[in-house]
Each structure stands twice: as C-alpha cells, then as structure tokens.
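A.B. asks: Got a predicted model here, sequence first, then my questions.
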Amino acid sequence: MSDATLPRILCVDDEPLLLDGLKRQLRRQYEVVVATSGAQGLELLVRAGPFPVVVSDMRMPEMNGAVFLVKAREQAPDTVRMLLTGQTDIQSAIAAVNDGHIFRFLTKPCSPEELGRALDAAIRQYRLVHAERELLEQTLRGSIQMLTDVLAASNPLAFGRAIRLKRRAVELAVALQVKDRWPLEVAAMLSQVGCIALPVQTVEKWYAGKALTAEEQKSVNRLPLVAARFLARIPRMEPVRDILTGLDLRFAEAGSNVPLASRILRVVLDLDVLESQKIPTSTAVDMLKQRDGIYDPSIVEIVDRAVGTPLKADLREVMLFEVREGMIFAEDVLTDSGMLLIARGQEVTPSLLDRLQNVILNMHVKEPLKVCVPRPADAHVHDRAGLRPTR
C-alpha cells in the first residue's frame, strides 16, 4: 500500500520521543501526523484534515486529552477518537468516554499489537460511518429530487422561488461561516413544496405580491409546516424539519432558540416576496428592518451590505435559441399569451434545455430573454450545449 492510500491518523502527546516511537511503529500501516499539544492538534484537524482517527494521551499540560477530544469532536465530528491513559487516570478516562464520545481508551503501557488492533477497529468504524452516510445522502438526494421534480412540473412559480431562496440562503450561510449547509439548502428547496396543495390562483397572487384574503394568507403561512409533514417519514431529516418549523418563531421572543438556518431562511423568504412585488432590493431590505422583532438584525445587516455589491455576472438579452447551460434567467419566461414557462432565478440545466426545445417546437415565447451569465464561467458558457434553432 502506497503512502497516498495509507489511512491517516493524528497522534497527540506532549512527549516528542513517544511520538517518534509511534511514527516508527505505525509507519507501515498508517500515515502518522503528530502534535505535541492539544492546541496544535486542533489546528492540524482544521488545517491538515480530515483524519479518520485521532489518538491522544490523557496527561498533557494546558489541555489534557479529555478536553482535547471534546474539542476535537466539535471541530471534526466524523473523526474516531481514542484516548491513551495511565492506571491512575481511569476515572477521568471513563468520564472522557462519555463527554467526548470516545470510541476506545487504552491503558499504558500499551503493546504494539493491542494498539494496532484498536486502530484497525477505529478505521473500520470510520469507514462504516462514511458508507452509511453516503447511502443516506443518496437516499435523501433521490427523495428530495423527486419532490422538487414534482414541484417543477406542477408549479413553476413555486419552483423558481425555491431556487432563488436556496441560492441566496447559501450566500448568507457562507458569509456567516456556516459549515454544515445541506439542511439549509434542502429546507430552502422544500419550503415551497406545500404550494402543490394551494389553488393556482392563490400561488399566482402570492407570487405577484397581490393582496391575499385572510384564508389565503393562512394557507400560505402554513407552507413550511406542510413541507415539514412531507418529510416526517424520511429518516435523518430532523435538521431540515427543525429549520422549517423554526420559521414561525419571532427572533425577538425566541432569540438563539431559533435555529440559525431558520433565521436565514426567514429573511430570504420575506425578501423574495417583496422583490416579487417589483420593490427594489434596497427598499425591500429597509422594509424588513422596520418589522421589529421578526428577524435576526445581524442577518438583515449582511443582506443590506450585500445590496451594493457588484454582481459576479453579466446581464444580457438573448434570443431563445441562444440560451446556454449555466445561464440564469433574470426575468420570468412567458409565452406570447402570458403563460409562465420558467420563473426567474432558474439556472439552465440540460433537462431545462430539453424542455425549452419542446417549447420552440410548440409555442411562441416573448423575446428577447434577460439572463445572467456568471463571469468566471463566461468562456465556458458559450461552449456549452444550447438549443437547436428551428426558426
């Protein structure tokens, strides 16, 4: 097995001689990275990770092994954690197992054979967890794709809004340095699934920013809860359901009890509603600021600062046959009779190009179309597949 394919382990101990011995002992089976303190170990987890396994000595100055492994779990939750301890530290080690969710602790002196068996078991545990996660992610992606495909086919208005919500929510999450963004992305995409159950006229009025009746507004307000019910029987979707149900909580009353992702999605959802009424973004942000108590002010402030930031895309007018994969529709695509085909905000994908090809053959579309072309991809967008002109 080459060094490039050896499992990587991080060993943390304040005794350099012991670390040198571990490197010599394990170098044939593992790629060993060492740290002489808990602080250095945490730095390596971030800078040089991922590591399938981290092994720490218990007794170290400034930060002992138990504290280090608790912090390691926060920074690298997937890394399997092991603790080396002396006989006098047994009680502390037992407490560390609970606090740091430690996979195994070994008492010193530990034979090479015992350490090797423990590391092999830890590597197997790491691979098992990753295999299960990959299977789960494939299942989730398939389930979510099915729901969004249904939404795209049945209600392009709602689907377009979901796409815009996801794009803006991800931008905010990046600005806020949110590491695990998939629940927010899924929640944004599925927040509009409940529109399937709404009358088309209600969705059109809501999308256009027209006044709703009290009953219509009640139905719109229930959309996140409807989406949460859709997810009730899909395993491991609890984080997404928490985000959707958290949309009903006012920040002034619940504060940090409102999930950060819910706070982000609440802002982008209400901002999109205002923008759909043709209200300029800067004005819409000011209107959000005036709604006391609903939003997290720090998130609204980030949106406000971004309003004046130049777009990383060029706005162009193109004919239908000039549409290319990677472009984003800046305005709704309508037929000559005013029927909505594609809502603004949707990115052109191969499947969307196929749909547009059928449009060319069967319908007349209002042209030119306004699209955004991301600047870093300009050179590539024109080389990508497009529509076959037929007229």
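C.D. replies: That came through, no problem.
A.B. asks: Looking at the record's assignment, how would you partition the protein?
C.D. replies: 3-130, 311-391 (automatic domain parsing).
A.B. asks: Of those domains, which stretch is the most buried?
C.D. replies: With neighbours defined as mean count of other Cβ atoms under 10 Å, these peak in mean count at domain 3-130, which reaches a mean of 17. For the C-beta atoms, the positions are set from N, CA and C on the backbone; glycine is no exception.
A.B. asks: can you redo the domains of the chain as CSV with mean pLDDT?
C.D. replies: Formatted as CSV, the domains of the chain follow (pLDDT from 0 to 100):
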stretch, mean pLDDT
domain 3-130, 85
domain 311-391, 74
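A.B. asks: And the ones you listed: which comes nearest Gly255?
C.D. replies: Within those, the stretch nearest Gly255 is domain 3-130; the backing value is 21.8 Å (Cβ to Cβ).
A.B. asks: tell me how far that closest one is from the chain's mean position?
C.D. replies: Offset of domain 3-130 from its chain centre (Cα atoms, centre = their mean, to the nearest Å): 29 Å.
A.B. asks: Nearest spatial neighbour of Met363, chain-adjacent residues omitted?
C.D. replies: Spatial nearest neighbour of Met363, chain neighbours left out: Thr335 (5.2 Å); criterion: Cβ to Cβ, 6 or more residues apart in numbering.
A.B. asks: do Leu225 as well
C.D. replies: Per Cβ to Cβ, 6+ apart, closest to Leu225 is Thr245, 6.7 Å.
A.B. asks: measure that neighbour to Pro239 for me?
C.D. replies: 11 Å (Cβ to Cβ, to the nearest Å).
A.B. asks: so Gly326 makes contact with Gln346?
C.D. replies: No - counting by Cβ atoms under 8 Å, Gly326 stays clear of Gln346, with 11.9 Å between them.
A.B. asks: quick one on the thing from earlier: including distance to Ala252, could the domains of the chain go into CSV?
C.D. replies: Formatted as CSV, the domains of the chain follow (distance: least, Cβ to Cβ, whole Å):
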stretch, distance to Ala252
domain 3-130, 29
domain 311-391, 30
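A.B. asks: Which one of these lies nearest to Ala197?
C.D. replies: Short answer: domain 311-391, nearest of these by Cβ to Cβ, at 18.6 Å.
A.B. asks: Beta-bridge partners for Val34, please?
C.D. replies: Beta-bridge pairing for Val34 (DSSP bridges): Cys11.
A.B. asks: That one contacts Gly21, doesn't it?
C.D. replies: No - applying Cβ under 8 Å, one finds Val34 not in contact with Gly21, separated by 10.6 Å.
A.B. asks: Could you pull out the strands in the chain for me?
C.D. replies: Ranges of strands in the chain, per DSSP state E, are 8-12, 31-35, 53-57, 80-85, 104-107, 313-318, 328-329, 333-334, 340-342, 369-374.
A.B. asks: Could you save these as a markdown table and add columns showing distance to Glu137?
C.D. replies: Below are those laid out as a markdown table (distance: least, Cβ to Cβ, whole Å):
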| stretch | distance to Glu137 |
| --- | --- |
| strand 8-12 | 22 |
| strand 31-35 | 26 |
| strand 53-57 | 22 |
| strand 80-85 | 20 |
| strand 104-107 | 27 |
| strand 313-318 | 29 |
| strand 328-329 | 26 |
| strand 333-334 | 32 |
| strand 340-342 | 28 |
| strand 369-374 | 26 |
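A.B. asks: Nearest to Gln138 among those would be which one?
C.D. replies: strand 80-85 (22.8 Å).
A.B. asks: Thr283: how many residues sit nearby?
C.D. replies: 11 (other Cβ atoms under 10 Å).
A.B. asks: what separates it from Val170, distance-wise?
C.D. replies: Counting by Cβ to Cβ - Thr283 and Val170 are separated by 24 Å.
A.B. asks: give me every residue that touches Ala330.
C.D. replies: Contact analysis of Ala330 by Cβ atoms under 8 Å, 6 or more residues apart in numbering lists Leu315, Arg344, Lys370, Val371, Cys372.
A.B. asks: Equivalent analysis for Leu369, please.
C.D. replies: By Cβ under 8 Å, 6+ apart, the contact set of Leu369 is Glu317, Val318, Met319, Leu320, Val323, Phe329, Glu331, Val333.
A.B. asks: shouldn't Lys67 be in contact with Ala39?
C.D. replies: Just to correct that, residue 67 is Val rather than Lys. No - in this structure Val67 lies outside contact range of Ala39 using Cβ under 8 Å: 10.7 Å.
A.B. asks: In this structure Met58 contacts Thr85, no?
C.D. replies: Yes - contact status for Met58 versus Thr85: in contact at 3.9 Å, counting by Cβ under 8 Å.
A.B. asks: tally of neighbours for Lys218?
C.D. replies: Neighbour tally, Lys218, other Cβ under 10 Å: 10.
A.B. asks: which helix of this structure spans the most residues?
C.D. replies: helix 112-154 (DSSP state H).
A.B. asks: Show me what that helix packs onto, helices and strands only.
C.D. replies: helix 16-26, strand 53-57, strand 80-85, strand 104-107, helix 156-175, helix 182-190 (3 or more Cβ pairs under 8 Å, 6 or more residues apart in numbering; DSSP states H and E).
A.B. asks: right, so of these, which gets closest to Val200?
C.D. replies: It is, among the helices and strands packed on helix 112-154 and with distance given as Cβ to Cβ, helix 156-175, at 8.7 Å.
A.B. asks: and the closest one, what does it pack onto?
C.D. replies: helix 112-154, helix 182-190, helix 200-208, helix 260-276, helix 297-307, strand 340-342.
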